[in-house]
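Novice: Mind looking at a prediction? Sequence and model below.
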Amino acid sequence: MTKVKCPFLVVNPKSYLYGIKSLELAKAVDRTAKKSNLQIFFTCPFTDIRYIKENTNTLIVTAQHMEALKPGRGMGHILPESLQAAGAGAVFLNHAENPLTMAELTKCIKRAKELDIITIVCADSLTEAIAIAKLDPDILLCEPTDLIGTGKVADNSYILKTTEKIKEINPNIAVMIASGITTPEDVYNVIKLGADGTGATSGILNAPDPAARVEEMIEAILRAEREKN
């Protein structure tokens, strides 16, 4: 299994990119990831997972969702084994755009662990983050839903308090702060404040050169990490 290596970056085009456009960005990010030696997760639509996995070397190709079913009946549902076979090494769960009940989330995390798929689980508040931390996800993405896509980052006290609380429950969970991340300076600040990783969607895709923006964000992560040490 590919363990989570901190610090890390999640490049999350969601469904804004697909097919050749998704692959072009993935290949550019893959080259940067190889040079930086930073762990980078790259999300894509389900149908692009194998396409991107077979054309990149370093990225952890990440599914946007999965369900807890097992091979057999389940027409139209998302089978974890099919994601793994296509090349997904990680999966997002409980994103604000595709929320799960705690019962569903518990089952999905368990299934992902059975297959050694890294879980990136979203929480929209500190209260929910504390509850989810007890389910032992690999990465806990703590992002207030009302900040997603706004360009406004959670304030310093939220980042510090959230990170501290999660680490108290389980120091092995990687804490990710990502809502509103737009600039390399945003990236630098959240890593400097103690987050294990970060990521972006609009902050990357709306840049004049998305691949260059990813490179700048990677440089910001590495700078923050050097200064912490």
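Specialist: Everything's here; your move. Numbers count the residues shown, from 1 in each chain.
Novice: what about A195, neighbour count?
Specialist: 25 (other CB atoms under 10 Å). For the C-beta atoms, the positions are set from N, CA and C on the backbone; glycine is no exception.
Novice: Output the below-cut-off pLDDT ranges for this structure.
Specialist: Scanning the chain for pLDDT under 70 picks out 1-2, 145-154, 229.
Novice: ranges for the helices of it?
Specialist: Taking DSSP state H as the criterion, the chain carries its helices at 19-36, 49-53, 80-86, 102-114, 126-133, 156-169, 184-192, 202-205, 210-228.
Novice: Reformat those as CSV; add distance to V61 and mean neighbour count.
Specialist: Below are the helices of the chain laid out as CSV (distance: least, CB to CB, whole Å; neighbours: other CB atoms under 10 Å):
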stretch, distance to V61, mean neighbour count
helix 19-36, 8, 18
helix 49-53, 5, 20
helix 80-86, 8, 18
helix 102-114, 14, 17
helix 126-133, 23, 18
helix 156-169, 26, 16
helix 184-192, 21, 21
helix 202-205, 16, 21
helix 210-228, 15, 18
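Novice: T62 is nearest to which of the ones you listed?
Specialist: Smallest distance to T62 across these (CB to CB): 8.6 Å, for helix 49-53.
Novice: What backbone torsions are found at the closest residue to L205 other than its chain neighbours?
Specialist: Nearest residue to L205, sequence neighbours excluded (CB to CB, 6 or more residues apart in numbering): Y16, at 5.6 Å. When read as degrees, to the nearest 10, the backbone of Y16 gives phi -70, psi -30.
Novice: number of nearby residues for Y16?
Specialist: Count around Y16 with other CB under 10 Å applied: 13.
Novice: ok, now how distant is it from I191?
Specialist: 25 Å (CB to CB, to the nearest Å).
Novice: repeat for A211
Specialist: Here the distance between A211 and I191 works out to 20 Å (CB to CB).
Novice: before we move on, the earlier item: any chance of the helices of the chain in a markdown table, plus distance to T43?
Specialist: Output for the helices of the chain, formatted as a markdown table (distance: least, CB to CB, whole Å):
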| stretch | distance to T43 |
| --- | --- |
| helix 19-36 | 9 |
| helix 49-53 | 10 |
| helix 80-86 | 12 |
| helix 102-114 | 15 |
| helix 126-133 | 19 |
| helix 156-169 | 22 |
| helix 184-192 | 17 |
| helix 202-205 | 11 |
| helix 210-228 | 13 |
